[in-house]
Structure formats: structure tokens, C-alpha cells
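Q: Next comes the sequence, and after it the predicted model I'd like to discuss.
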Amino acid sequence: MIPQDRHVPERLFLARHGQTVWNLEHRLQGRLDSPLTDEGLAQSRAIAERLSGIGIVTVCSSPLGRALRTAQVVAERLGAQVVEVPELAELDHGELAGMTWDEIDEVHPTARAERAANRYGWAFPGGESYAQARARARKALSSCGWAATGTPLLVTHEMIGRMLRAELRGLDALAALALRHPHGVVFEIDRRSERML
């Protein structure tokens with residue numbers, strides 16, 4: 001369980017950015033970006049509708065374009081303020097960003113096996129590991145607590161989202177890596193549990 005930092009929200013909502021062009025192409029995005037698809041924009045609007053009337057006034061967002069665009073769509077509908085939180089950015093995929101796994105297999109033929117052997121501790125070449133990102137997730141939660149009025153919505157990415165959920169709920173590495181977050185899904189999370197909206 002994470003230390004009782006009084007600035008970490010007791011309860012929050014977590015959304016992944018809407019679907020992007022590179023999601024459809026199965027490209028690793030990391031810190032690179034691609035635009036939301038029409039479906040991604042529709043998912044963003046659906047998230048906003050789902051959260052309407054809950055009283056969210058602060059949306060903490062990753063600074064990456066796909067998350068920021070999703071956050072802006074949601075915030076506009078809710079009448080909320082968007083606060084960029086750098087620590088909410090996706091895991092840094094380093095040299096592998098922008099590539100598909102087939103392309104990665106050609107350029108880094110051992111990467112897939114190395115990652116499978118130690119998925120939590122393995123760092124993307126020139127990037128970071130889940131273990132490194134978890135420390136960043138801890139800082140992101142505190143930053144959002146400082147920035148938010150009331151219960152915030154965090155708009156982020158799948159990989160760092162796993163670490164945020166694990167950190168808030170005190171999950172171990174294995175449980176954290178088993179988490180999934182499809183596009184268009186919102187989680188309501190506190191220190192004891194989470195539920196899908």
C-alpha cells in the first residue's frame with residue numbers, strides 16, 4: 001500500500017485516452033504520438049457523458065497529445081479545468097517507439113524474449129521499465145492531489161495506468177501487469193477497490 005500521503009486523492013476516476021491511428025496499426029506509441037481516430041473522439045465524448053453530473057471539476061492529463069485531446073473533450077463537457085501533469089505520460093518506449101512488434105523483431109531480435117523474462121524490470125532500449133514508471137506514478141498521484149479540487153479525473157495511458165492503479169491500491173508487480181484498460185472505459189478507484197463505470 002502506498003504511504004498515506006495526504007495529497008494523494010482518496011478516490012479518483014481514471015480514463016485512458018481514446019483510440020489512435022497507431023493503436024489501429026499496433027504501433028508502440030510511448031512518448032511519441034498519433035491523432036485520435038473518429039472512434040477515439042467518440043470514446044472521449046462517451047467518457048464525458050458517463051461522468052456528467054458527478055461533480056468533477058479537475059481533469060489531470062498526461063501532456064501527450066492523444067491524452068490531452070481526450071481530456072479537453074471531457075473537460076469541455078463537464079465544465080472542468082485541465083491540468084497537465086508530466087508524470088502521467090506513457091512509459092518511455094525509447095528506440096522502440098513508433099514501431100510494430102514485427103518491426104522490432106527485425107531490429108532488436110532479442111527484445112521480445114528479454115521482455116518476457118522480466119516484464120516488470122525490463123526497460124525499453126533507451127526508455128524505461130514498469131518498475132521505473134511506478135515511482136513516477138507515485139509522484140503523479142501526489143501531483144494530482146495537489147492540483148485537484150475534489151475528486152479528480154486522470155486521463156492517461158494503458159501502461160502508466162497500470163502503475164497508477166497498482167500504486168493507489170497497493171498491488172504487487174504481478175497483479176499490476178495483469179490489469180487491462182480498454183479504450184472508452186472509466187475506472188472509479190480508491191485505496192480498497194475499483195469499479196468500472
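A: Thanks, I have it.
Q: Tell me where the longest helix sits in the protein.
A: Scanning the chain for the longest helix, with DSSP state H as the assignment, gives helix 130-147.
Q: Find the nearest non-adjacent residue to the residue nearest the centre of the chain, please.
A: Averaging the C-alpha coordinates of the chain gives a centre point, and the residue nearest to it by Cα atoms, centre = their mean is His157 (2.6 Å). The spatially closest residue to His157, leaving aside those adjacent along the chain, is Glu90, at 3.8 Å (Cβ to Cβ, 6 or more residues apart in numbering). (Glycine included, C-beta is placed from N, CA and C.)
Q: before we move on, what about His26?
A: Using Cβ to Cβ, 6+ apart and skipping the chain neighbours, the partner closest in space to His26 is Thr100 (5.3 Å).
Q: just checking, the one you found touches Arg27?
A: Yes. With contacts counted by Cβ atoms under 8 Å, Thr100 reaches Arg27, the gap being 5.5 Å.
Q: Between these two, tell me which one has more neighbours.
A: More neighbours surround Arg27 than the other of Thr100 and Arg27, with 20 against 14 (other Cβ atoms under 10 Å).
Q: so is that one in a helix, a strand, or just coil?
A: Look at Arg27: counting by DSSP: H, G, I helix; E, B strand; the rest coil, its state is coil.
Q: Who are the contact partners of it?
A: Contacts for Arg27 (Cβ atoms under 8 Å, 6 or more residues apart in numbering) come out as Ser34, Gly98, Met99, Thr100.
Q: Highest neighbour count among those residues?
A: Neighbours were tallied for each of the contacts of Arg27 (criterion: other Cβ under 10 Å), and the maximum of 19 neighbours falls on Met99.
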